[in-house]
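# how does the following fold in three dimensions:
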Amino acid sequence: MEEKKLKFNSKAIHGGQQPDKAYGAVMPPIYQTSTYAQTTPGGHQGFEYSRSGNPTRTALENSLASIENGNYGLAFASGLAAMDAVIKLLNPGDEVVSTNDLYGGSYRLFKQIFEKYGIKFHFIGMSDAAAVADYINENTKLIWVETPTNPMMNIIDIKAVAEIAKKYNILLAVDNTFATPYLQTPLDLGADLVMHSATKYLGGHSDLVAGALVVKDKDLADKLYFIQNASGAVLGPMDSFLVLRGIKTLHVRIQRHCENGEAIARYLSSHDKIEKVYWPGFEDHPNHDIAKSQMKAFGGMISFVTKGNSYEEAIKIVERLKVFTLAESLGGVESLAGHPASMTHASIPKEEREKSGVVDALIRLSVGIEDEEDLIADLGQAIG
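Numbering: from 1, shown residues only. Here you go, the predicted model:
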């Protein structure tokens, strides 16, 4: 059957893949090599040096392109390395319009690394997509979107932002880490580029660090491949193998993440000690209708604050958890809890954090695939 006609579950397992040509291995082998024999200078079988290309990484990149409905995939040493490559498309004097509620590491990369090279960043709320146009001028070259956002779960209308980007001939990049291609495919909604911290749901087992980019356009892909090779932040063969293995179960894992996420969100929203729960599946969540239209389900990421907005109480809760693990990251099979203000978003100044709702009392949950009753019981004992 033609690959483009395969549905997502089949593409997660078969997309871009073929048995190994040497011995017919069903899973791509781990080509743990730095270099490749040549019959004559420049005469090789498609690979010459593993920074430039490795068969295991190529298998992963083909899979990434398939599940995101793109044509070209690139695998990097981390999500931030993937972002770094995108910003290297720009020149001094260029401007970027970015979501204001975004991962702290993304903010740090933009502000503390690239701003000093003359690239200007505007961090704005994008819940009203029309607001993006107010920040566009002749120097604007990129719009950077997260949706759902980290950690406030804000929903941004990708299609509406894409229309603005196309009108002004600006690249649109979407960080699809929280949703994954199982829940939404930004390229189909008009984005030019999709980015992932593949450390999270794509890998899915908290045992690797990786990043990914997927695009449709060949010229854009060629520019990114050049940067990938020239800068060298490539994903190694072992981690490429692990991400590829994770993708093969992505669909069944995300289904359980979503089921458990909904159960936890509804439990927290009914708890008399919880003031506010941020989860896109609630009908009163801002842009809930947009989430329904561009996402298959609402994911396993949730943030909440207790009544009183107490920093001390938030810390006590995350320290009391027993099934949830207090740790950085997200998207693994195990449930994790974090305190964004002191962990994932600590690099953002307090004043800037709080403008987007990241108060000191906020707790973020990455709901895993354990039994929902055990997760609810653990939250119950921790909240008290």
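# where does the protein have low pLDDT?
Scanning the chain for pLDDT under 70 picks out 1-2.
# show me the contact partners of the helix or strand encompassing residue 58.
For residue 58, the host element (DSSP states H and E) is helix 55-67. Here helix 55-67 makes contact (CB atoms under 8 Å, 6 or more residues apart in numbering) with 3, 8, 11-12, 15-17, 28-31, 47, 50, 70-75, 181-182, 196, 202, 212, 214, 234-237, 240-241, 243-244, 247, 250. Using the backbone N, CA and C atoms, a C-beta is placed for each residue, glycine as well.
# and the following helix or strand past it, what does it pack onto?
Beyond helix 55-67 in the direction of the C-terminus, DSSP H and E gives the next helix or strand as strand 72-76. Other helices and strands packing on strand 72-76, by 3 or more CB pairs under 8 Å, 6 or more residues apart in numbering; DSSP states H and E, are helix 55-67, helix 79-87, strand 211-215, helix 218-231.
# please list the residues outside strand 72-76 that contact it.
Residues contacting strand 72-76 (CB under 8 Å, 6+ apart): 16, 57, 60-65, 82, 85, 198, 210-216, 218, 221, 224-225, 228, 233-235, 240, 243.
# likewise for stretch 81-94?
When contacts are defined by CB under 8 Å, 6+ apart, stretch 81-94 is touched by residues 74, 76, 96, 106, 109-110, 113-114, 117-120, 139-142, 171, 173, 193, 195-197, 211-213, 223-224, 227-228, 231, 233.
# filter these down to the buried ones.
74, 76, 96, 106, 109-110, 114, 119-120, 140-142, 171, 173, 193, 195-197, 211-213, 223-224, 227-228, 233 (16 or more other CB atoms under 10 Å).
# against residue 305, how distant is the residue nearest the centre of the chain?
Residue closest to the mean C-alpha point of the chain, counted by CA atoms, centre = their mean, is residue 177 at 1.6 Å. Separation of residue 177 from residue 305 (CB to CB, to the nearest Å): 23 Å.
# how about residue 320?
Applying CB to CB, the value for residue 320 to residue 305 is 16 Å.
# the more surrounded of those two?
Neighbours per residue (other CB atoms under 10 Å) separate residue 320 from residue 305, with residue 305 holding more: 20 against 16.
# any chance you could map the strands in the stretch 101-250 of the chain?
Under the criterion DSSP state E, counting those that start in this stretch, strands of the stretch 101-250 of the chain are mapped to 120-124, 140-146, 171-175, 193-197, 211-215.
# quick one: the helix holding residue 58 to strand 72-76, angle?
Going by axes from the mean of the first three to the mean of the last three CA atoms, to 10 degrees, helix 55-67 is angled at 130 degrees with respect to strand 72-76.
# which residues does the residue lying farthest from the centre of the chain form beta bridges with?
Farthest-out residue of the chain from its mean C-alpha position, per CA atoms, centre = their mean: residue 40, at 42.0 Å. Note on residue 40: beta-bridge partners by DSSP bridges are residue 43.
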